[in-house]
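[1] pasted the sequence and its predicted model underneath.
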Amino acid sequence: MSETLPTPVDAMRIALEDDVAVALRPFFAGEEVRVGDRTITLRDAIAQGHKFAVQPVAQGAPVRRYRAAIGLARRDIAVGEHVHTHNVRTALAGEKSYAFAGASVGANKVVATPRTFRGYVRPDGSVGTRNELWILPTVGCVGRLGERLAAKGDGMIDEGVDGVHAFNHPFGCSQLGADLEGTAAVIASLALNPNAGGVLLLGLGCESNQLDELLKRIPGDRRDRLRVLRAQSEGDEFAAGEALIGDLLAVMARDRREEVPLAKLRLGVKCGGSDAMSGLTANPLIGLMADAVTDAGGAAILTEIPEVFGAENLLLERATSEEVFDRLSALVNGFKRYFIDHGEPVSENPSPGNIAGGITTLEEKSLGAVQKGGLALVRDVIGYGERLSDERSAGGLTVLEAPGNDAVSTTALAAAGATITLFSTGRGTPLGSPVPTVKIASNHALAQRKPGWIDFDAGLVLERGMQGAADLLLDRILAIASGEPARNEANDERAIGIWKRGVTL
């Protein structure tokens, strides 16, 4: 957003056109609050992160934040009144028609200074931020076996290897059609993530997600870093797995970190447990990181499609071609149809935690969430389980099909090829994905209360300004990309979530 008000002491309004401001601390009814150069007397008590009206809004009129409508007024709203679910409703309905008007070539880009990190260069030119051995079960039946093997493998690590991790899940059998296809695609794509210096594909033998079919999805030039174990075919499956892990670790021990440019970073962006401050601090800050990476020639990946509803035009207007535009609009409408076909409203969001944090409607949540994509042009749209195309995605934003669920979407980002994911949160979560999952708190209180979860305090935006905080965050990201553990890694918080669709046999 090009025009912002000077940072106020008590509350923040993004733009002069906005009808609301966000409280930066709790207020009592009757208190006077500074908003820019104005003083407003509050009619209601306002919790930190919640909104109040800075100009009157008539019943049925749009209520504006981020220069856009976040919903419609249920009744007349007076200046100083609390603005939330009791007096604002969503305006979202079903699918929409969209028309391509040409790519937005005037998007502002940050001027990126040459930056580097120390990563693992793979034979295909991709770069990992980690050199780990990943154990990927084809089916839930061998999930615990994978975890036991990972624990054994951790004790076998030599120099040059960052860890051995198993990613258990309950799927891979009793699935049909697109449901099974999604599971197979995600497992195969995870096996190709640059952070996986070695992969053990662990199967049972009788599952629907058959190993031989899965191997067809993996290029032959990756096979020297891939081993396969069929548990039903081994007399002692644990001993067989231990031998395969030892073999892979010997190969991986030769790997060393090298200095590489920022352009080699594949950045996933995500939010979870958002509050009203997320759209003011953490998400715009992540957007600057996406701009820094894409401006350098790297790639950023944005997902959580149901949390784009109501803000999709901000992405559509940056599509680089009519083909990309059509795929993106079809993706948004397809997700809306997915909700409708299951008898659910498209606006069944925000979550209870979001509402408690001050987010009123899905439009408001979406307008804040899409800021994580920065101002980069949208160069590609990919399906669930698909991998990033370096040719199509370089220097821009790729939009990935996946739901908003934190575990599912962070896994989809890793499967798409993200080597580090930035995760903004206003309420906190310990969750981690297969790749470093950098938690960025939207406010000081969370960062101070949960230092074991949080990697960076975006509340610094209110003190140092957006660019000052961005400089600090980029330093932190490059340190983590170069091997410093993210908090989820230090806490051994790593898991995958697979998108379950269709019937279960």
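    All right, it came through fine. Numbers count the residues shown, from 1 in each chain.

[2] now do the SS call for the most centrally placed residue in the chain.
    Nearest to the mean C-alpha position of the chain, counting by Cα atoms, centre = their mean, stands Lys270 at 1.9 Å. Under DSSP: H, G, I helix; E, B strand; the rest coil, Lys270 falls in the strand class.

[3] which strand residues bridge it?
    Beta-bridge partners of Lys270, counted by DSSP bridges, are Phe423.

[4] report the contact partners of it.
    Residues counted as contacts of Lys270 (Cβ atoms under 8 Å, 6 or more residues apart in numbering) are Thr303, Glu304, Lys372, Asp406, Ser409, Thr410, Leu413, Thr421, Leu422, Phe423, Ser424, Thr437. Any C-beta I mention is one placed from the backbone N, CA and C, and that applies to glycine too.

[5] Phe167: which of these is nearest?
    Nearest to Phe167 among those is Thr410, at 11.8 Å by Cβ to Cβ.

[6] list the contacts of the nearest residue to that closest one once chain neighbours are set aside.
    Nearest-residue entry for Thr410: Ser433, 3.7 Å, with adjacent residues in sequence omitted and distances by Cβ to Cβ, 6 or more residues apart in numbering. By Cβ under 8 Å, 6+ apart, the residues touching Ser433 are Ala407, Thr410, Thr411, Leu413, Ala414, Thr421, Asn488, Arg494, Ala495, Ile496.

[7] ok, and the most crowded of these?
    Scoring those on neighbours with other Cβ atoms under 10 Å, the highest-scoring entry is Leu413 at 31 neighbours.

[8] what about that one, distance to Phe423?
    When distance is defined by Cβ to Cβ, to the nearest Å, Leu413 is 10 Å away from Phe423.

[9] wait, Asp326 touches Ala99, no?
    No - between Asp326 and Ala99 there is no contact, the gap being 10.4 Å when judged by Cβ atoms under 8 Å.

[10] higher neighbour count, those two?
    Shown here are Asp326 and Ala99; by other Cβ under 10 Å, Asp326 has more neighbours (15 against 7).

[11] buried set for the helix or strand harbouring the more buried one?
    Asp326 belongs to helix 322-341 when assigned by DSSP states H and E. Neighbour counts using 16 or more other Cβ atoms under 10 Å place Val324, Phe325, Arg327, Leu328, Ser329, Leu331, Val332, Asn333, Phe335, Lys336, Phe339 of helix 322-341 among the buried residues.

[12] please apply the same query to stretch 345-363.
    Buried residues in stretch 345-363 (16+ other Cβ under 10 Å): 346-347, 349-351, 353-355, 357-363.

[13] could you do stretch 130-145 as well?
    Going by neighbour count (16+ other Cβ under 10 Å), the buried part of stretch 130-145 is 130-143, 145.

[14] same deal with stretch 255-274?
    Buried residues in stretch 255-274, counted by 16+ other Cβ under 10 Å: 255, 257, 260, 262-274.

[15] one more: stretch 378-392?
    Across stretch 378-392, burial judged by 16+ other Cβ under 10 Å covers Val378, Arg379, Asp380, Val381, Ile382, Tyr384, Gly385, Glu386, Arg387, Leu388.

[16] what does stretch 165-173 give?
    Neighbour-count burial for stretch 165-173 flags His165, Ala166, Phe167, Asn168, His169, Phe171, Gly172, Cys173 (criterion: 16+ other Cβ under 10 Å).

[17] then that stretch to CSV, C-alphas only?
    This file holds the C-alpha atoms of stretch 165-173, laid out as CSV (Å, rounded to 0.1, in the frame of the first residue of the first chain):
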residue,chain,number,x,y,z
HIS,A,165,13.3,-37.1,10.2
ALA,A,166,10.3,-39.3,9.6
PHE,A,167,6.9,-37.8,8.5
ASN,A,168,4.1,-40.0,9.7
HIS,A,169,0.5,-39.7,8.3
PRO,A,170,-2.6,-41.8,8.4
PHE,A,171,-3.2,-42.1,4.7
GLY,A,172,-2.1,-44.1,1.6
CYS,A,173,-4.7,-46.8,1.8
